[in-house]
Each structure stands twice: as C-alpha cells, then as structure tokens.
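[1] After the sequence you'll find the predicted model.
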Amino acid sequence: MKEIGPAVEFPPGTIRGVDRYAVGNNGAYFAVSRRCRHLSADLAGGSIDADGCLVCPWHRSAYDVRTGRMVRGPQGVFAKIPGLGPLFKGLTKVVPLRRRQVSLQDGDLYLADS
Ligand code: FES
C-alpha cells in the first residue's frame, strides 16, 4: 500500500495526481489511471461533474470512475465528428481506465497494491 496523504486534503470535488493515478473524492474516494483514452490529457487536472464523473480537462470527456468507462465522448469540435464519441465509449468498455482501491486508515488515505 502507498500512502497518499491526509484525507482532509481530499474534500469532495478534489482530484490530484498520485504517481500514475488520478486520486479524487466524488463522495467516495477513487483512483483511476491518469491518461485520458482520447488524446492522453492528464486526468488529474480534470474536474468532477454533478454526476460524480471525472471530466477530462482538454475536451471534457466524462468517465465513470467506478467502472473506468467513458460515459460522454470528447466535446467541442470533436463532438461534431460522427461516431467518435461512441467509438471511444466502446473502446473504454474493452480498455477502461485502470482502477485502484483507496482506503482510509486513521485519517490517512492509502492506494491499495494493484
Ligand atoms: S484528451 Fe481527454 S477528451 Fe480529449
């Protein structure tokens, strides 16, 4: 297990990079691999939307952090490309973001071994 840091530094809505993972709190602590499946933006620089999904900072794809799957494809100019959103959503059914368990012990968060 790897220590992440004090849980008080991860209030709801927080997301941060820890090694190769984007660690956040959308009401529950989560850790997913940091590279967006679209063009590899660092998801640790993203945000959490009203549905608790992790939103990519570049083109606002949204991921369900429980499954690692993209639930909304790239936005902006990319949203106008027919089939692109479904293509990436399909891709993440096969190759979802990697997920790691985050545990809370004595006020500190830990990343479980993979
Ligand atoms: S790099 Fe993430 S949506 Fe484009």
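    Thanks, I have the structure now.

[2] Up against the ligand, what does the chain have?
    36, 38-39, 41, 56, 58-59, 61, 74 (CB under 6 Å from any ligand atom). (Each C-beta comes from the backbone N, C-alpha and C, glycine too.)

[3] Going by neighbour count, which of those comes out on top?
    For the residues of the chain next to the ligand, the largest number of neighbours (other CB atoms under 10 Å) sits with S61, at 28 neighbours.

[4] Do I have it right that L39 meets W58?
    Yes - between L39 and W58 there is a contact at 6.5 Å, judged by CB atoms under 8 Å.

[5] where along this structure do the helices fall?
    84-94 (DSSP state H).

[6] can you give me the strands for it?
    2-6, 15-18, 21-25, 29-33, 47-48, 54-55, 62-64, 69-72, 99-100, 102-105, 108-111 (DSSP state E).

[7] Any chance of TSV for the ones you listed, columns mean neighbour count?
    Below are these laid out as TSV (neighbours: other CB atoms under 10 Å):
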stretch	mean neighbour count
strand 2-6	14
strand 15-18	17
strand 21-25	23
strand 29-33	22
strand 47-48	18
strand 54-55	22
strand 62-64	22
strand 69-72	21
strand 99-100	18
strand 102-105	14
strand 108-111	18
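
[8] Which among these is found nearest to L87?
    strand 69-72 (9.9 Å; CB to CB).

[9] Neighbouring strands - and their directions - for the closest one?
    According to DSSP bridges, strand 69-72 forms sheet pairs with strand 62-64 (antiparallel).

[10] now what about the strand it pairs with, what contacts it?
    32, 43, 49, 51, 53-56, 69-72, 92, 97 (CB atoms under 8 Å, 6 or more residues apart in numbering).
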